[in-house]
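no sequence on this one, just coordinates:
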């Protein structure tokens, strides 16, 4: 259960004085945002996503798609129907690399938006999504990240109401698979925001980046959003959930459909659990939760060995990247140590 007044139960309570960011009075009165979409071979979804973006009551300053697909003809047809959207072809280096390209564009001089909304193409926004989330974050300068209420296509089942961080550190979408009864209809600070529909404060990007990467490209995909959310907390930022910003998320990886996901993708999810733990968990937090973490690891290993042996090479992958993860941890901890009032948050 996430604390509804603070960053949330299970959130790393490490403090870290948030850097003071100069405010532009003009932007305070009229905040702006841009939209970046990470696309890979889901052209029908992309068409719906772009249509919903075009219908926003608060129009984005610019829209850009990073495309790693392979169907040139399908993409050309979509480009013709959306002449105001910029398309960038890129090699498939995963969600993290594509998202970083979009954030570099969003914070550059050609766009200069206050916020950047990153979307998966299987997300369809309600018309006031952008307005609701921009207003929520503009009113809360301590929030670097934000998200809204994501629903499944039936619009009755919750997909994500923000992300929680349990004691075993395997992050969970709040409310996932639950019937939407209004139980998450209160705006609040949460642990994390889903990368399917995450809004980022552009003025915070330089502070959040480690070695030039806002999203860790070693993750490739899965848990890069929770890694970033955790890092934001370590550095003294917060994450806000705005339930009035609603969207539909079709979601490719659903409960009970694990084995429809290619083994290589499942391995990324498995290995990234360890990478984000190495990078972000405090020494005190690790020792405090060691019994829970060890019990969870026994369950993970048993499940992998018996039910899903194809993901066992993820242990080798995680080991190979552990050195880099520890290096990034040292950078993050040094940055946090330089923050004033890091004991109070």
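Structure's in. What do you need? Bear in mind the structure is a predicted one, so any value in this text is a computation, not a measurement.

What helices and strands are in contact with the longest helix seen in the chain?
For the chain, the helix reaching the highest residue count under DSSP state H is reported as helix 313-337. Using 3 or more Cβ pairs under 8 Å, 6 or more residues apart in numbering; DSSP states H and E, the elements in contact with helix 313-337 are helix 224-234, helix 263-280. Bear in mind the C-beta positions are built from the backbone N, C-alpha and C, glycine included.

what do you get if the cut-off is 10 Å, keeping everything else the same?
helix 224-234, helix 263-280, helix 290-306 (3 or more Cβ pairs under 10 Å, 6 or more residues apart in numbering; DSSP states H and E).

Taking helix 290-306 as reference, get the angle to it.
150 degrees (axes from the mean of the first three to the mean of the last three Cα atoms, to 10 degrees).

can you pull the buried residues of helix 313-337?
By neighbour count on 16 or more other Cβ atoms under 10 Å, the buried set for helix 313-337 is 314-315, 317-318, 321, 325, 328-329, 332, 335-336.

That one - what's its average pLDDT?
Mean pLDDT, computed over helix 313-337, is 95.

so how far is that helix off the chain centroid?
Distance, stretch centre to chain centre, for helix 313-337: 19 Å (Cα atoms, centre = their mean, to the nearest Å).

low pLDDT regions in the chain?
For the chain, residues meeting the criterion pLDDT under 70 lie at 1-29, 70, 252-259, 340-345.

Quick one: the strands in it, in order.
Counting by DSSP state E, the chain has strands at residues 33-39, 63-67, 86-89, 115-119, 123-125, 143-151, 158-160, 163-164, 172-173, 188-190, 197-201, 238-249.

and residue 172, what does it touch?
By Cβ atoms under 10 Å, 6 or more residues apart in numbering, the residues touching residue 172 are 10, 160, 163-166, 191-192, 226.

give me that answer again for 7 Å
Neighbouring residues of residue 172 by Cβ atoms under 7 Å, 6 or more residues apart in numbering: 163-164, 166.

So which of those is surrounded by the most neighbours?
Counting by other Cβ atoms under 10 Å, residue 163 has the largest number of neighbours within these, with 25 neighbours.

Look at the spatially closest residue to it that is not a sequence neighbour and say how many residues are nearby.
Closest residue to residue 163 apart from its sequence neighbours, by Cβ to Cβ, 6 or more residues apart in numbering: residue 192 at 3.3 Å. By the criterion of other Cβ under 10 Å, residue 192 has 31 neighbours.

gap between residue 192 and residue 139?
Distance, residue 192 to residue 139, by Cβ to Cβ, to the nearest Å: 20 Å.

ok, now residue 37?
26 Å.

Kindly report the same for residue 162.
Distance of residue 162 to residue 139, given as Cβ to Cβ: 17 Å.

out of these two, which sits in the busier spot?
residue 162 (29 against 12).

Okay, and the beta partners of the residue nearest to that one when sequence neighbours are not counted?
Nearest residue to residue 162, sequence neighbours excluded (Cβ to Cβ, 6+ apart): residue 190, at 3.5 Å. Taking DSSP bridges as the rule, residue 190 bridges to residue 239.

wait, doesn't residue 190 sit right on residue 239?
Yes. With contacts counted by Cβ atoms under 7 Å, residue 190 reaches residue 239, the gap being 5.5 Å.

ok, so what distance separates residue 302 from residue 329?
Residue 302 is 28 Å from residue 329, by Cβ to Cβ.

ugh, typo on my part, it should be residue 53
Computed with Cβ to Cβ, the distance linking residue 53 and residue 329 is 36 Å.

same deal with residue 262?
30 Å.

likewise residue 337?
Distance, residue 337 to residue 329, using Cβ to Cβ: 12 Å.

same question, residue 308
With distances taken as Cβ to Cβ, residue 308 is found 28 Å from residue 329.

on that earlier part again, can you list contacts of the longest helix of the chain?
14, 16, 210-211, 218, 231, 234-235, 267, 270-271, 274-275, 278-279, 342.

residues touching residue 118, list them.
Listed by Cβ under 7 Å, 6+ apart, the contact set of residue 118 reads 36, 38, 99, 102, 195, 198, 200.
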